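> Return atomic coordinates for the entry below.
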Amino acid sequence: MAIPHLLLLLAFAFISAAGLLAMFKLSFKYKWFDVPIERSSHTRIVPRTAGISIALLAIIALVFWGPDDFQSPIIYLSYITFFLIGIYDDIKHVNASSKFWAQLIIAASISIFLPNFRIDNFYGVLGINAIGEVFSITFTTFVFVVVINAYNLIDGIDGLAASFSVFAIYLIGLCFKDINLSIFQFCNILIAILLPFFFINFSKKRKMFLGDTGSLFLGTTIILFVGYLLNSNNAAHVPSNMNRALYALVALCYPLLDTLRVFTLRLTRGQSPFKADKSHLHHKLLGLGFSHFTTTASLLTFNIIIYVVNCSILDHVDVNALLVIDFMLIGFFFIGGLWYTRLNRAKR
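Reported below is the predicted structural model:
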């Protein structure tokens, strides 16, 4: 007998909350802490092991309630590999280059051996439609690595990575609500698993971080959904009939923008793009006196505005004109933020 979907969601939310509290106790028992350093946005020791509980529960959900197209040994192997790397990094430490090569190998494996998860069409963005197999594999591998790192890099303050993960998972899930119900329902399960984390993450007494296990799992999951959405062999119904490629860019807007901005800044300074620092936008907002909550809310609101604008005017302009409008809005956001920062500094 099938379990009603709402009851299943409530069960996963409850189990997730229980798992997070259990992991919190284990973290203090075995001293699995994130000790604050100069670039940290917190000032006391905090367990960074919440992602272990979240990823483990989500993998169990995938086994029993996951969509058929996601039931691949390669996907399971990818999750298990990142799960083990993440656990070791959260408890010990894994250097950035080792994680990068692991990401590259997994991304290439998925791109080569799982054709239904390849980005094989730009759907008219920049005047490009279907692309060849070799370019599709190369481009998909590149995007996989970028997106996985994007969600890892924005995991710097309370609620940020989880909020944008829920945002992306919800938007992509909507594309399959009337086409492939199992994907839509699995997206709902993932959101139910993530929701209790917000209470833990913003808590003062029982605060926990996602850690690398969580951010690697979320980044991998989101890019799998994106690759599946942007594959022309898979049926999808994008809300408001938005262009598929543009819709994916909107769903991932802030994480991709912040990663591009930070990587560019680091490379122009002659630094490794993976070098940790406090040059992210969320760090800048914290420096202006924003709290973790208001910073996360502000950045998420910006991404929601981009989504609403695209849905509102897409009937009046073509996809590339809409892309130009998006860049103008993003430019206004960045320039306005820079102006506000300088004005605030001048007042001080």
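> host element of the closest residue to residue 117 other than its chain neighbours?
Spatially, and ignoring its direct neighbours in sequence, residue 117 is nearest to residue 227 (3.9 Å; CB to CB, 6 or more residues apart in numbering). For glycine as for every other residue, the C-beta is placed from the backbone atoms N, C-alpha and C. Counting by DSSP states H and E, the element that carries residue 227 is helix 211-229.
> Please give the centre-to-centre distance between that helix and its chain.
Distance, stretch centre to chain centre, for helix 211-229: 6 Å (CA atoms, centre = their mean, to the nearest Å).
> for it, which positions count as buried?
Buried residues in helix 211-229, counting neighbours by 16 or more other CB atoms under 10 Å, are found at 211-229.
> got it, and stretch 284-304?
284-286, 290, 292, 295-296, 299-300, 302-303.
> same question, stretch 113-122
With burial defined by 16+ other CB under 10 Å, the residues of stretch 113-122 counted as buried are 114, 117-122.
> now do stretch 185-201
185-197, 200-201.
> for the residues you listed, which one is nearest residue 239?
residue 187 (13.5 Å; CB to CB).
> phi, psi of the residue lying closest to the closest one once chain neighbours are set aside?
Closest residue in space to residue 187, ignoring its immediate chain neighbours: residue 173 at 3.0 Å, by CB to CB, 6+ apart. With angles defined as degrees, to the nearest 10, residue 173 sits at phi -60, psi -40.
> what does residue 47 give?
Torsion angles, degrees, to the nearest 10, at residue 47: phi -60, psi 140.
> I figured it hits residue 33, correct?
Yes. In terms of CB atoms under 8 Å, residue 47 counts as a neighbour of residue 33; the distance is 6.0 Å.
> Please tell me how far the residue nearest to residue 187 sits from residue 308.
18 Å (CB to CB, to the nearest Å).
> which one of these two has more residues nearby?
Neighbour totals were compared for residue 173 and residue 308, and residue 173 leads with 20 against 11 (other CB atoms under 10 Å).
> For that one, give its distance to residue 230.
15 Å.
> Residue 48 now?
32 Å.
> same question, residue 310
Counting by CB to CB, the gap from residue 310 to residue 230 is 16 Å.
> can you give me the helices in the stretch 51-200 of the chain?
In chain order, the stretch 51-200 of the chain shows helices spanning 73-91, 96-113, 133-153, 160-174, 181-201, with DSSP state H, counting those that start in this stretch as the criterion.
> Is it possible to get TSV of those helices that adds mean pLDDT and distance to residue 67?
Shown next, in TSV, are these (pLDDT from 0 to 100; distance: least, CB to CB, whole Å):
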stretch	mean pLDDT	distance to residue 67
helix 73-91	93	11
helix 96-113	92	15
helix 133-153	94	19
helix 160-174	96	11
helix 181-201	96	4
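> most tightly surrounded among those?
Across those, averaging neighbours per residue (mean count of other CB atoms under 10 Å) puts helix 160-174 on top, at a mean of 23.
> and that helix, what other elements does it pack with?
Helix 160-174 is packed against helix 133-153, helix 181-201, helix 211-229, helix 244-251, helix 253-268, helix 292-313, with contacts defined by 3 or more CB pairs under 8 Å, 6 or more residues apart in numbering; DSSP states H and E.
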